[in-house]
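1. what's the 3D shape of this:
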Amino acid sequence: MVLKYLRYTLNYELYYISYPYILERYNDTNWISDTKDSKSTSRYVFTFGGVVVLWKSTKQSCITRSMMELDFIALDKVREEAKWILNFLEDIPC
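-> This next block holds a predicted model:
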């Protein structure tokens, strides 16, 4: 079955678009998502060359009083992770 498919598709070609090797970050926060403990949730994803290399979703360890305060705390954590990833990528020979 596979050989028959391959025989009739010899003239077909696949093209892959390569993504540039850029580290991208996406993050999201949710203020007081759990009313029992009044803690917020933050999530982030890092992609490198279009491929997810790191993601995390976690409850904040402290209670924030505003969405802006939550965003600052989440961005600080993401900054630490980005610093670690960049240091890691610098150690890989290209």
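2. so what's the backbone phi/psi at T64?
-> As for T64, its main-chain torsions (degrees, to the nearest 10) stand at phi -100, psi 150.
3. okay, now it: neighbour count?
-> Here the number of neighbours of T64 (other Cβ atoms under 10 Å) works out to 19. (C-beta placed from N, C-alpha, C; glycine too.)
4. The nearest residue to it once chain neighbours are set aside: which element?
-> Among residues not flanking T64 along the chain, L70 sits closest, at 4.3 Å (Cβ to Cβ, 6 or more residues apart in numbering). In the assignment (DSSP states H and E), L70 maps to helix 67-90.
5. Dump that helix to PDB, restricted to CA.
-> Backbone C-alpha positions of helix 67-90 (Å, rounded to 0.1, in the frame of the first residue of the first chain) are rendered in PDB as follows:
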ATOM      1  CA  MET A  67      -3.800  43.500  37.800                       C
ATOM      2  CA  MET A  68      -0.800  45.800  37.200                       C
ATOM      3  CA  GLU A  69       1.000  44.400  40.200                       C
ATOM      4  CA  LEU A  70       0.400  40.900  39.000                       C
ATOM      5  CA  ASP A  71       1.700  41.700  35.600                       C
ATOM      6  CA  PHE A  72       4.900  43.200  37.000                       C
ATOM      7  CA  ILE A  73       5.500  40.100  39.200                       C
ATOM      8  CA  ALA A  74       4.800  37.800  36.200                       C
ATOM      9  CA  LEU A  75       7.100  39.800  33.900                       C
ATOM     10  CA  ASP A  76       9.900  39.600  36.400                       C
ATOM     11  CA  LYS A  77       9.600  35.800  36.500                       C
ATOM     12  CA  VAL A  78       9.600  35.600  32.700                       C
ATOM     13  CA  ARG A  79      12.600  37.900  32.600                       C
ATOM     14  CA  GLU A  80      14.500  35.500  34.800                       C
ATOM     15  CA  GLU A  81      13.600  32.500  32.600                       C
ATOM     16  CA  ALA A  82      14.500  34.500  29.400                       C
ATOM     17  CA  LYS A  83      17.900  35.300  30.900                       C
ATOM     18  CA  TRP A  84      18.500  31.600  31.700                       C
ATOM     19  CA  ILE A  85      17.500  30.500  28.200                       C
ATOM     20  CA  LEU A  86      19.700  33.100  26.500                       C
ATOM     21  CA  ASN A  87      22.700  32.000  28.700                       C
ATOM     22  CA  PHE A  88      22.000  28.400  27.700                       C
ATOM     23  CA  LEU A  89      21.800  29.200  24.000                       C
ATOM     24  CA  GLU A  90      25.100  31.100  24.200                       C
END
